[in-house]
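> next come a sequence and a model predicted from it.
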Amino acid sequence: MADSPPSYVSSDPWGDVDYGAVHAARRHAREHDESAPLIPGHPKSGRPTKTVCFLFATILAAFLTAVIAIPVHISSDHNTAASIDRRHRVELRRLNATHGAELYNLTEQYEHQIHWRQVQMDQMVAAHDRELEEVREAYEQRLRDGDMKMERVVAAHERQLKEVRSAYEQRLRDGDMKMDRLVAVHERQLKEVRSAYEQQLEAKDRWVENQKHLLFARESAVHDAETRIGNDAERRKKANLYWEQPPKRGRVCTGWKTLPYVAELYNVPQDVDGVAWCQGTALHMPGMEDIDKPEWCEQTENGKIVAHWTHRESANCHTLWGRQKDQGCQAGSPGYRLVEMQLLNHHQPYDSWLEMCETTPWGDHGRTPDVCEHRGNGGIWGKWVVHDMKCEKVTANEELDKSFML
């Protein structure tokens with residue numbers, strides 16, 4: 001057969017190694033094994049086969065060298081050496097044939113394993129390439145999806161940014177309008193305040209001018225008055241003024257110990273202010289040392305200067321209260337008692353009974369009555385409601401009884 005391995009039997013009659021057969025076997029292996037693939041359509045690499053053959057040839061050469069070197073150390077006996085040599089040649093031929101067949105089988109098995117390993121490697125590479133392509137496609141798809149998502153995010157962000165910018169610009173415009181309105185209002189208010197302030201300044205200036213005029217007029221009046229007073233003082237000394245003696249007593253008492261008096265001032269010149277001279281002239285009335293000057297003065301129709309004053313210690317108006325009359329505790333007012341007294345030394349019909357009653361005090365207490373009554377012929381009575389601890393325990397019936405008695 002064409003594919004059967006060649007024979008490696010040596011033709012050396014001395015049993016030496018047939019190196020030509022070895023090289024022929026190597027060429028045969030290269031021609032048949034390296035060029036013809038085991039699986040059609042799938043090339044195989046020749047590098048592993050060459051390496052195995054080289055290693056095997058090296059081992060065989062070393063083995064043959066060792067075998068050839070053995071006879072050097074054997075005995076010089078020619079017969080024994082020849083016999084051994086023949087046995088060695090026979091054994092060597094047998095070994096060459098056996099090892100050649102084994103080498104061929106091992107080479108075939110090794111190349112078959114190498115081929116299937118190459119096929120598995122190619123399949124793994126193809127699967128890896130497919131996985132890598134799928135991963136690349138998935139990665140590119142993720143990139144495309146990420147780009148689309150990023151574009152959507154960027155678009156949404158740009159929309160939000162545009163809305164925020166628009167709202168901010170609108171707020172700025174509104175703020176500018178509001179600020180313009182505020183500025184306009186502030187300027188208007190400032191203008192009003194300035195106008196009011198200027199008016200106040202003008203009014204104040206006018207007031208100051210008026211005050212200056214008034215002050216000047218007052219100073220002039222004071223100067224004139226001082227001049228006039230000085231002149232009046234000199235004229236008063238020369239006029240020899242004096243009061244009417246005795247003064248005229250009023251017919252009606254105006255209150256408790258209170259009686260009005262009237263007196264005319266004599267020798268008042270006609271060309272002076274008689275009322276002023278009257279008010280500035282001291283009174284020296286017997287029994288009225290407490291009165292220094294008139295309370296008021298007047299000029300009558302006939303030109304007389306008359307002074308008026310009140311004597312508050314007049315014995316003619318000294319009214320007093322009579323004996324107390326107890327009216328008992330008051331109904332509805334626990335702790336209070338009603339006391340009545342009649343007004344005495346009252347001069348009718350000139351004196352005002354009500355004024356005399358209301359101004360006359362009760363003894364040392366100095367308390368005027370709470371109520372005054374005119375009972376006709378029964379006289380004038382004053383009533384006092386006084387505090388009494390004994391009246392705090394009065395029963396309601398007693399109060400009612402006493403109220404009926406009143």
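It's in. Residues are numbered from 1 along each chain as shown.
> show me where the protein has its strands.
242-243, 248-249, 259-266, 296-299, 305-311, 320-321, 325-330, 333-344, 371-374, 380-387 (DSSP state E).
> how about a markdown table for the ones you listed, with mean pLDDT added?
Output for these, formatted as a markdown table (pLDDT from 0 to 100):
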| stretch | mean pLDDT |
| --- | --- |
| strand 242-243 | 89 |
| strand 248-249 | 86 |
| strand 259-266 | 91 |
| strand 296-299 | 93 |
| strand 305-311 | 91 |
| strand 320-321 | 92 |
| strand 325-330 | 90 |
| strand 333-344 | 91 |
| strand 371-374 | 94 |
| strand 380-387 | 93 |
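> these: which one's closest to residue 176?
strand 296-299 (75.2 Å; CB to CB). Every residue, glycine included, has its C-beta placed from N, CA and C.
> and the contacts of that closest one?
265, 274-275, 278-279, 305-308 (CB atoms under 8 Å, 6 or more residues apart in numbering).
> switch to 10 Å and redo it
The contact list for strand 296-299, computed with CB atoms under 10 Å, 6 or more residues apart in numbering, reads 262, 265, 268, 273-281, 304-309.
> check stretch 362-382 too.
Taking CB under 10 Å, 6+ apart as the rule, stretch 362-382 contacts 256, 319-322, 324-325, 338-344, 346, 348, 353-361, 383-386.
> restricted to buried residues, select these in ChimeraX.
Selecting only the buried entries of those in ChimeraX, with 16 or more other CB atoms under 10 Å as the criterion:
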select :256,319,321,338,339,340,341,342,343,346,353,355,356,357,358,359,360,384
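> so who does residue 307 touch?
243-244, 247, 261-265, 275, 278-279, 281, 283, 293-298 are the contacts of residue 307 under CB under 10 Å, 6+ apart.
> next, the contact list for residue 214, please.
207, 221.
> state the distance from it to residue 221.
10 Å (CB to CB, to the nearest Å).
> for residue 109, same thing?
Distance of residue 109 to residue 221, given as CB to CB: 156 Å.
> same thing with residue 150?
100 Å.
> ok, residue 279 touching residue 292?
No - the pair residue 279 / residue 292 is not scored as a contact, 11.4 Å apart, by CB atoms under 10 Å.
> pick out whichever of the two has more residues nearby.
residue 279 (16 against 10; other CB atoms under 10 Å).
> report pLDDT for that one.
Residue 279 carries a pLDDT value of 88.
> likewise the one 3 residues further on?
As predicted, residue 282 sits at a pLDDT of 85.
> kindly report the same for residue 102.
pLDDT, residue 102: 79.
> now it: how far from residue 234?
Per CB to CB, residue 102 is found 180 Å from residue 234.
> equivalent analysis for residue 125, please.
Taken as CB to CB, the span from residue 125 to residue 234 is 151 Å.
> now do residue 368
Distance from residue 368 to residue 234, by CB to CB: 49 Å.
> neighbour count winner among these two?
For residue 368 and residue 234, the more surrounded residue by other CB under 10 Å is residue 368, and the numbers stand at 15 against 10.
> phi, psi of that one?
Phi and psi for residue 368, reported as degrees, to the nearest 10, are phi -80, psi 160.
> what about residue 169, how many residues close to it?
10.
> and it, what does it touch?
Residue 169 touches nothing, counting by CB under 10 Å, 6+ apart.
> swap in residue 309?
Residues near residue 309 by CB under 10 Å, 6+ apart: 247, 260-263, 283, 285, 288, 291-297.
> where does this protein dip in pLDDT?
Scanning the chain with the threshold set as pLDDT under 70 gives 1-50, 52, 66-78, 228-231, 349-350, 364-365, 394-406.
> now the longest helix seen in it and strand 259-266, what's the angle there?
Of all the segments of type helix in the chain, defined by DSSP state H, the longest one is helix 78-239. Helix 78-239 and strand 259-266 are oriented at 60 degrees to each other (axes from the mean of the first three to the mean of the last three CA atoms, to 10 degrees).
> tell me how many other residues crowd residue 305.
When neighbours are counted by other CB under 10 Å, residue 305 comes out with 24.
> quick check: the gap between the residue lying closest to it once chain neighbours are set aside and residue 384.
Closest residue in space to residue 305, ignoring its immediate chain neighbours: residue 274 at 4.1 Å, by CB to CB, 6 or more residues apart in numbering. Counting by CB to CB, the gap from residue 274 to residue 384 is 48 Å.
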